[in-house]
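Peer 1: need coordinates for the following:
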Amino acid sequence: MQKETVDVLIIGAGPSGAVSAAYLHKQGLKIKVVEKSRFPRFVIGESLLPRCMDHFEEVGLLDALKARNYEVKAGARFMRGDKVCNFDFSKKYTEGWDWTWQVPRADFDKTLTDTLEAWGVDIAFGQEVVDVKFKGSDSVTTVKGEDGKLSSISAKFIIDSSGHGRVLPRLLDLDKPSEIGRHSSIFTHVKDVKRPEGREGTIITFDIVSLDTWLWVIPFSNGYTSIGYVGPTEYLESFAGNTTEKLREMMKLSDYYYDRFEGLDYEFEPRMIKNIAKSVKQLYGEGYALTGNSAEFLDPVFSSGVTFATESSLQAAKLVTRQLKGEAVDWEREYSDHMKEGVAVFATYVKEWYTGNLQTIFFDSNDNPVIKAQICAVLAGYVWDRTNPFVKNHHRLVKTVARIAEMEKEAGGPAS
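Peer 2: Numbering: from 1, shown residues only. You can find the predicted model right below:
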């Protein structure tokens, strides 16, 4: 069996693993990335948030991404019937990036790994992690290649960025039920030949067809658009037929988008991910840290997935670097507490979306510009800014503002 030894083993070569790898490589550590798939490969998570631009910039990956000319995402549009709520990231409360991208992830992720390989980062594709053994913080990971041959990698630390593969949660029995409701998604890409000109054709839109079911429309700069529904698992399963037949039937629910996408071929058989939300018992342990979707995934409604992936992977990489240089690291405070703080904010917004409270604020309030700017900062991913009341007091403030909006609606004007 082939054996090798590294300082840090990174499982997964998506944005989370790429950010960790970029940072650790620049720190001079010996690293290896193992990835089960061959790139390019399709994966979901195509709408980014401005906060993750900070991460790509800090680790030196931003210029390579800018060169790809992805569709600029300067905000987001939410629609419900004849009501429209637009968010402009340039009008958010928290300072930071005012834009990000909508990306076909196959190209996006390969751009990241191509850049890393050009720097000299060791990435092994087509390698599946089948076993991990820890002795203290040291580990030995067994990897199976596409030819079935096994090899082992000894490491001082493992960063699990395996995404929906959830390697360490699966091998170490770390999974636990999510507090987010049981929702599923069904999605594909189309060649968007009926796309309108200008902003109308490029803005990311969430079309709300019922309290807990909605359609995403994510246009890319290459002429294709991602379309997908999210809703209760039982509801999505109630549609008859295969996934193509299910999605075609569901597209009829959107009065706004049905004509634009009616009759277009699906670029691939629509895929369905059941019970999207995931959680874990712990975010780290002796010798490892979980990042991105291998740790927590909430819901696609506010596109938080990639941002949490890069926030967690950069933070983990910084802490690993300090630890391997002999510094004492408080993983509970500096990693787990930090990540849980941001996840808790977004979890509140996801939950309150499906209770209807956040929808009330979006569609039935008087559109207070101060409140809107504060909520916009959350939607841009700046969920660690405790000067923002809608971050600091997220548990109660969404409910309170929604209640006031309902009172105003009932009174036919501003509540006294």
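
Peer 1: switch to C-alpha atoms for all contacts and neighbour counts from now on
Peer 2: Noted.

Peer 1: not counting sequence-adjacent ones, nearest residue to Gly126?
Peer 2: Nearest non-adjacent residue to Gly126, counting by Cα to Cα, 6 or more residues apart in numbering: Lys36, 4.6 Å away.

Peer 1: the one you found touches Glu128, doesn't it?
Peer 2: Yes: because the distance of 4.7 Å satisfies Cα atoms under 8 Å, Lys36 is recorded as touching Glu128.

Peer 1: grab the most central residue of the protein for me.
Peer 2: In the chain, the centroid-proximal residue (Cα atoms, centre = their mean) is Gly305; its distance is 1.3 Å.

Peer 1: what residues are up against it?
Peer 2: Counting by Cα atoms under 8 Å, 6 or more residues apart in numbering, Gly305 touches Gly45, Gly292, Asn293, Phe297, Leu298, Asp299.

Peer 1: now do Gly342
Peer 2: Counting by Cα under 8 Å, 6+ apart, Gly342 makes contact with Val383, Trp384.

Peer 1: for it, give its distance to Ile31.
Peer 2: Computed as Cα to Cα, to the nearest Å, the Gly342 to Ile31 distance reads 28 Å.

Peer 1: low-scoring stretches of the stretch 201-350 of the chain, by residue?
Peer 2: Counting by pLDDT under 70, the ranges of the stretch 201-350 of the chain that qualify are 277, 294-296, 298.

Peer 1: okay, helices next: where are they in the stretch 1-150 of the chain?
Peer 2: In the stretch 1-150 of the chain, the helices defined using DSSP state H, counting those that start in this stretch lie at 15-26, 51-58, 62-66, 105-119.

Peer 1: is it correct that Phe89 is in contact with Ala380?
Peer 2: Yes: the pair Phe89 / Ala380 is scored as a contact, 6.6 Å apart, by Cα under 8 Å.

Peer 1: and after the helix or strand that contains Tyr354, which helix or strand comes next?
Peer 2: Here Tyr354 sits within helix 338-355, counting by DSSP states H and E. Sequence order places helix 357-364 as the next helix or strand after helix 338-355, per DSSP H and E.

Peer 1: packing partners for that following helix?
Peer 2: The elements that helix 357-364 packs onto, with contact taken as 3 or more Cα pairs under 8 Å, 6 or more residues apart in numbering; DSSP states H and E, are strand 83-88, helix 338-355, helix 394-411.

Peer 1: switch to 6 Å and redo it
Peer 2: Judged by 3 or more Cα pairs under 6 Å, 6 or more residues apart in numbering; DSSP states H and E, helix 357-364 is in contact with helix 394-411.

Peer 1: so what does the helix it packs on touch, helix or strand wise?
Peer 2: Packed next to helix 394-411, using 3+ Cα pairs under 6 Å, 6+ apart, are helix 357-364.

Peer 1: the helix it packs on vs strand 83-88, what angle?
Peer 2: Counting by axes from the mean of the first three to the mean of the last three Cα atoms, to 10 degrees, helix 357-364 lies at 100 degrees to strand 83-88.

Peer 1: taking the contacts of Gly305 together, which two end up most distant?
Peer 2: Farthest-apart pair in these is Gly292 and Asp299; separation 12.9 Å (Cα to Cα).

Peer 1: more crowded one of Phe89 and Ala380?
Peer 2: Taking neighbours as other Cα atoms under 10 Å, Phe89 and Ala380 compare with Ala380 leading, 32 against 24.

Peer 1: that one contacts Ser47, doesn't it?
Peer 2: No: counting by Cα atoms under 6 Å, Ala380 does not reach Ser47; the two are 11.2 Å apart.

Peer 1: bridging residues for Val140?
Peer 2: Per DSSP bridges, the residues bridged to Val140 are Lys133, Ser154.

Peer 1: number the residues from 21 up from this point.
Peer 2: All right, first residue 21 from here; so that's Val160.

Peer 1: so what's it up against?
Peer 2: Listed by Cα atoms under 6 Å, 6 or more residues apart in numbering, the contact partners of Val160 are Val152, Lys153, Ile173, Ser174.

Peer 1: highest neighbour count among the residues you listed?
Peer 2: For the contacts of Val160, neighbours tallied by other Cα under 10 Å; top is Ser174, 21 neighbours.

Peer 1: next one, pLDDT for it please.
Peer 2: pLDDT for Ser174: 98.

Peer 1: how near is it to Asp167?
Peer 2: Going from Ser174 to Asp167 by Cα to Cα gives 21 Å.
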